[in-house]
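S.K.: From the sequence below, what's the structure:
(chains A and B)
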Amino acid sequence: MNTPTQPPGPPPPPHDADAAGALPADLAHVAARLDSLAENDRRAIRPQFERTLAAATFRAARGGASGSAPNEPPAGPAAIRFPRPARAPLWRLAASLALVAGAALAGWFWLSAQPAHRSTTTTTTPLAAAQGPSTSTVARTIETDLELLLASVDSLESLAEATSDASTLTSDDWWGDGSWNSQEGSL
Amino acid sequence: MPDPAASTVPADLAEPGPLAELLAHAARGDERAWEGIVKLYARRVYAMARSRCRRDDLAEEITQSVFATIATKLGSGGYAEQGRFEAWLFRITMNRVRDEARRLSRHALPTDPEVLGSTAAAPDEPPHADEQDVQTLRLALGSLSEPDREVVELRHHGGLSFRQIADALGEPMGTVLARHHRALRKLKEILESPTSRKVAT
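M.R.: Model prediction:
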């Protein structure tokens, strides 16, 4: 508990006589103790606080009424502080917007500066192009070549069969063919 | 407040005088009238804040905030004197005190009476008998419900009449009287309980 630092100020007005008189003796004793406690709190006020408070609040109110700048600190002793609503400055908002816009533009430029094939459906990457055809491409090429080769082999076998057949034919086979005759007869 | 060319308030008005006249002069920008108002009420506002917060710096801050509001309202014509200045002043005080109490409660301050009792006094030095009484009474006040405590503090720290308290709280006078009576009864029970005496010693 702080010791009294100032002589008592003006006492508060006396309580209502009717209500105070209505209190029983035991409660009146408690009320008296509360009055004593309140007096203790009133006397604990700092010396010169009332004077500095009056000066500071008066000047602050005058400053507000005369339209002084809102960011200007209120006049008065330094011990007096006034709560001031926090207001974000406009320049900070503008700087934030500019930063976001700059970042968006930079991202857009970076994306547009990339090679066109990166964004197309071609699967060949520059690295793959430098390394040559991919495994799948080679496999497809080999497969195609094999098919062509097999087709060629088939053709050669057919040709060989035809050749061997032709070598075994006699002149009768050539000329005695009924079909030939029938054809001829039909002429 | 308008800038007065010269003080128009008589010298004796700087002392506690007719309130309506003081208010009128202060609203017109008379600094001495404003000083008179501050001198009349600053201690009572401070005492209410100190009783609740138990800290001098917070009590000063609340008092400054209350009088800054009053000065601004008076200067801008936002208050019309109808004999309810004290109810208005202490309603503002009560609201600030409530806000501060709410803010303090969010910071997990010790609320256990035994903890508060042990931290309030210096460990090496036994507290004075009067200090013990004061500490016990503060602990008992802290155990009251919020509405009951407000009535008690407005009555004893603010020095308001029951009619002014009813006006400040916006409640019927019968309710205010009943709360005050109930609060005193509870305080008496707490103060006379063995636990309270143990904490005090």
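S.K.: could you pull out the strands for chain B?
M.R.: Applying DSSP state E to chain B gives no strands.
S.K.: Could you check which residue of it lies nearest chain A?
M.R.: Going by Cβ to the nearest Cβ, chain A is nearest to residue B:159 of chain B, at 2.3 Å. All C-beta spots, glycine's among them, are computed from the backbone N, C-alpha and C.
S.K.: What ranges in chain A fall below the confidence cut-off?
M.R.: Within chain A, the ranges that satisfy pLDDT under 70 run A:1-21, A:64-88, A:116-134, A:165-187.
S.K.: one more time with 80
M.R.: Low-confidence segments of chain A (pLDDT under 80): A:1-23, A:61-89, A:114-136, A:159-187.
S.K.: picking that back up, please work out how many residues are found near the residue of chain B closest to chain A.
M.R.: 24 (other Cβ atoms under 10 Å in any protein chain shown).
S.K.: likewise the one 5 residues further on?
M.R.: With neighbours defined by other Cβ under 10 Å, the count for residue B:164 comes to 26.
S.K.: Help me confirm that it comes into contact with residue B:88.
M.R.: No. Applying Cβ atoms under 8 Å, one finds residue B:164 not in contact with residue B:88, separated by 9.9 Å.
S.K.: Name the residue closest to the centre of chain B, please.
M.R.: residue B:48 (2.2 Å; Cα atoms, centre = their mean).
S.K.: Please name the nearest non-neighbouring residue to it.
M.R.: Spatially, and ignoring its direct neighbours in sequence, residue B:48 is nearest to residue B:157 (4.4 Å; Cβ to Cβ, 6 or more residues apart in numbering or on different chains).
S.K.: gap between the one you found and residue A:39?
M.R.: Computed as Cβ to Cβ, to the nearest Å, the residue B:157 to residue A:39 distance reads 9 Å.
S.K.: higher neighbour count, those two?
M.R.: Taking neighbours as other Cβ under 10 Å, residue B:157 and residue A:39 compare with residue B:157 leading, 28 against 18.
S.K.: mind checking pLDDT for that one?
M.R.: Note for residue B:157: predicted pLDDT of 93.
S.K.: residue contacts, it?
M.R.: Taking Cβ atoms under 8 Å, 6 or more residues apart in numbering or on different chains, we find residue B:157 in contact with A:38, A:41-42, B:44, B:47-48, B:51.
S.K.: Quick one: mean pLDDT for the helix ranked longest in chain B?
M.R.: The longest helix of chain B (DSSP state H) is helix B:31-53. Mean pLDDT, computed over helix B:31-53, is 92.
S.K.: Appreciated, that's everything.
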